[in-house]
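here are the coordinates; sequence isn't available:
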């Protein structure tokens with residue numbers, strides 16, 4: 001098994017308000033449906049196993065762009081939205097946070113009865129992936145969330161997260177099944193994180209004596225050391241800063257949405273009537289659906305679609321969020337009926353933004369962009385966990 005990635009995240013406490021969790025489910029379902037329509041359900045599994053794409057998905061959904069809460073909220077939203085449509089989509093999500101994680105075997109067995117896939121094998125994969133990250137690698141993070149995603153061809157992905165209260169961080173682990181050969185023969189592509197001092201690594205070559213006591217689980221002797229590949233460690237600061245985003249990519253997209261107009265592009269005529277602010281969100285959602293892996297190295301950029309529930313980089317623009325969901329849902333429905341015009345128009349948004357980057361020279365006015373979003377937030381139904389945004393005093397005076 002090649003574990004596809006992991007991410008270190010600041011540990012945040014709190015909750016996702018119902019007004020946001022409902023929208024996250026709707027947007028998540030529309031994004032997944034579009035990906036399946038374009039690429040098939042195996043592509044959903046591949047993307048969920050990429051820590052950078054997963055973080056970008058959470059950001060575009062309006063969650064805090066860098067916190068541990070993205071994992072629980074995104075997987076919870078996807079499970080609520082996808083499972084009622086599992087038969088038609090061919091994707092099932094099991095497990096979850098805390099007690100829900102322990103229901104994974106039962107849920108997989110039920111799926112096996114419904115589909116005929118080998119559920120016992122999937123239960124074994126679920127348990128072993130958790131054992132490797134929680135027991136074979138004792139890095140100071142104890143798992144508290146385990147989500148197992150499987151499609152109708154028995155391909156699967158795992159998204160699970162551990163907590164280290166001592167240093168207030170969480171670590172997310174991603175798995176992807178297609179390259180599976182063994183859980184104990186070089187099981188990870190890499191493991192990394194901030195230095196925790198000495199750790200117990202039972203899948204390292206030097207751990208042969210300790211490994212013997214684990215043979216009941218592993219059955220085989222691993223041979224190779226863990227190799228390090230890519231790394232996603234989110235910063236401790238909550239606010240979005242220029243160093244967190246690719247200003248060339250973000251700037252080109254903002255310029256297209258606000259300086260250019262949809263009617264300037266023949267390909268976007270089908271989206272006529274969509275305002276610049278909604279176009280901004282649609283462009284980022286489009287990239288989450290159609291972008292290549294290299295486009296997700298700066299997940300913070302995707303928070304400029306729908307902000308964050310704690311107000312960073314700005315409050316969630318509820319009206320824009322609802323319009324984005326509506327446009328994407330209509331595109332999915334039209335695609336089902338054989339009309340792909342709207343879907344193609346949405347796809348072109350990310351392509352045009354990419355093309356604009358070639359000659360775009362960014363400035364350093366990110367703080368000005370954020371300030372304007374916050375100032376205008378009330379116009380778009382801006383909302384955070386602290387309440388609804390109100391017009392500035394000067395704007396309130398103009399209303400009377």
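The structure has been received and is ready for your questions. Since the structure is predicted, the reported quantities are computational estimates derived from the model, not experimental observations.

where does the stretch 101-250 of the chain dip in pLDDT?
The model of the stretch 101-250 of the chain has pLDDT under 70 over residues 136-138, 180-182, 184-244.

Run through the strands of it in chain order.
Under the criterion DSSP state E, counting those that start in this stretch, the stretch 101-250 of the chain carries strands at the ranges 137-138, 142-151, 156-164, 169-176, 200-201, 232-233.

Which one of the ones you listed lies nearest to residue 329?
strand 142-151 (22.0 Å; Cβ to Cβ). Bear in mind the C-beta positions are built from the backbone N, C-alpha and C, glycine included.

Please list the residues outside that closest one that contact it.
41-42, 44-45, 48, 71-72, 75, 79, 90-98, 101, 104, 108, 111, 117, 122, 125-126, 129-130, 133-134, 156-164 (Cβ atoms under 8 Å, 6 or more residues apart in numbering).

picking that back up, so for residue 304, which of the strands of the stretch 101-250 of the chain sits nearest?
Closest of the strands of the stretch 101-250 of the chain to residue 304 is strand 232-233, at 18.7 Å (criterion: Cβ to Cβ).

rewinding a little: can you select the buried ones among the contacts of strand 142-151 for me in ChimeraX?
Those of the contacts of strand 142-151 that count as buried under 16 or more other Cβ atoms under 10 Å are selected in ChimeraX with:
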select :41,42,44,45,48,71,72,75,79,90,91,92,93,94,95,96,97,101,104,108,111,117,122,125,126,129,130,133,134,156,157,158,159,160,161,162,163,164
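
measure residue 306 to residue 102 for me?
With distances taken as Cβ to Cβ, to the nearest Å, residue 306 is found 33 Å from residue 102.

For the two, work out which one has more neighbours and name it.
Legend: neighbour count by other Cβ atoms under 10 Å for residue 306 and residue 102, higher for residue 306 (29 against 11).

I'd like the distance between the more buried one and residue 103.
Distance of residue 306 to residue 103, computed by Cβ to Cβ: 31 Å.

repeat for residue 173
Distance, residue 173 to residue 103, by Cβ to Cβ: 19 Å.

So those two - more neighbours on which side?
Here residue 173 and residue 103 are compared on neighbour count by other Cβ under 10 Å; more neighbours surround residue 173, at 29 against 14.

Mind listing the residues bridging to the more buried one?
residue 6, residue 160 (DSSP bridges).

circling back to that earlier point, as CSV, the strands of the stretch 101-250 of the chain with distance to residue 301 would be great.
Converted to CSV, the strands of the stretch 101-250 of the chain look like this (distance: least, Cβ to Cβ, whole Å):
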stretch, distance to residue 301
strand 137-138, 31
strand 142-151, 25
strand 156-164, 21
strand 169-176, 19
strand 200-201, 35
strand 232-233, 14
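
so which of those gets nearest residue 299?
Closest among the strands of the stretch 101-250 of the chain, using Cβ to Cβ: strand 232-233, at 7.9 Å.

who wins for proximity to residue 275 among the strands of the stretch 101-250 of the chain?
Short answer: strand 232-233, nearest of these by Cβ to Cβ, at 33.2 Å.

Quick check: which helices or strands does the longest helix belonging to the chain pack against?
As assigned by DSSP state H, the longest helix anywhere in the chain is helix 18-39. Contact analysis of helix 18-39 by 3 or more Cβ pairs under 8 Å, 6 or more residues apart in numbering; DSSP states H and E lists helix 41-48, helix 51-60, helix 69-82, helix 86-89, helix 276-290, helix 318-336, helix 341-357 as its packing neighbours.

which residues are in contact with the third one?
Residues from elsewhere that reach helix 69-82, judged by Cβ under 8 Å, 6+ apart: 9, 12, 14, 16, 21, 24-26, 28-29, 32, 54-55, 57-59, 61, 63-64, 89, 91-93, 96-97, 145, 147, 159, 161, 170, 172.

No more questions from me, cheers.
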